[in-house]
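Peer 1: need a 3D model of the following:
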Amino acid sequence: MKELAALSEEQLTKLQNTRRRVIESIGENMDLYGITLSIGHLYGNMYFNREPVTLDEMSQTMGMSKTSMSTGMRTLHDLKMINKVWGKGSRKDLYEVEPNWHQNFTDFFSIKWRKAAEQNMSALKRSMKEIDALKQQYEGDQAFLEVLENDTQKIDEALKYYRWLDRLIDSFESGEIYNFIPQEE
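Peer 2: Numbers count the residues shown, from 1 in each chain. Down below sits the predicted model:
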C-alpha cells in the first residue's frame, strides 16, 4: 500500500482499474466454491499487497467493518489461503496471502473433500451395520434379503468411491498429483 503513494493519480487510477478486474474475477471464482463474494474480494485485494497487512488496513481498503473483516480473515486463514505473520514492532496481527494458487486449491479442496468423504463414509458404514443386523433378523424373508443385498451392493460402490476420493486427496496433499498433471513453470 505504501508503494502506491509514489504514483500519479492517473497511474493509480489505471492500476486500480486493472486490479479491480482481477479482484472481481477472483471473488466470482471463489463464490463458485462456496466462499462469499466479499471474502473472495478480500483475498483478491490482499493478493496484490507486497507487505503483510492488519485487519484495520484491510477494513479501510475495502470499506468493511472490522467485525466483517475479522470473519473474512479467519475464514481465509482456516482455509490456509492467508497466513498470520510476525512483524517487528507491530502489536497487531499481520496477514499475508499464500501466493501459491496450486497450494490454495490443494488446501481448500482437501479440507472440503476430506470432511465430506469422512462424513459420508461414516454414514455408509453405519447403514451397512444396520443392514447386516436386518439380514440376521429377517434371514428367512428372501424378498427382503434381496432388497438388503441390493442396498449392500450400492453402499459398497459408494464406499469404493470414497476410498478412491481419499487416495485422490492424499495425492493432492503429498504433491503426487503433479507427477500426472505438472504445474506450469
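
Peer 1: now the closest residue in space to residue 87 that isn't next to it in sequence: how far from residue 101?
Peer 2: Sequence neighbours aside, residue 94 is the residue nearest to residue 87 in space, at 4.4 Å (criterion: C-beta to C-beta, 6 or more residues apart in numbering). C-betas here are computed from N, CA, C, even on glycine. For residue 94, the distance to residue 101 equals 21 Å [C-beta to C-beta, to the nearest Å].

Peer 1: neighbour count for the two, which is higher?
Peer 2: residue 94 (16 against 13; other C-beta atoms under 10 Å).

Peer 1: now the phi/psi pair for the more buried one, please.
Peer 2: Here is the backbone geometry of residue 94 (degrees, to the nearest 10): phi -110, psi 140.

Peer 1: what's the answer for residue 184, then?
Peer 2: Main-chain dihedrals, residue 184, degrees, to the nearest 10: phi -70, psi 140.

Peer 1: quick one: contacts for it?
Peer 2: Under the criterion of C-beta atoms under 8 Å, 6 or more residues apart in numbering, residue 184 has no neighbours.

Peer 1: separation between it and residue 102?
Peer 2: Per C-beta to C-beta, residue 184 is found 10 Å from residue 102.

Peer 1: ditto for residue 15
Peer 2: Distance from residue 15 to residue 102, counting by C-beta to C-beta: 26 Å.

Peer 1: same deal with residue 23?
Peer 2: Counting by C-beta to C-beta, the gap from residue 23 to residue 102 is 20 Å.
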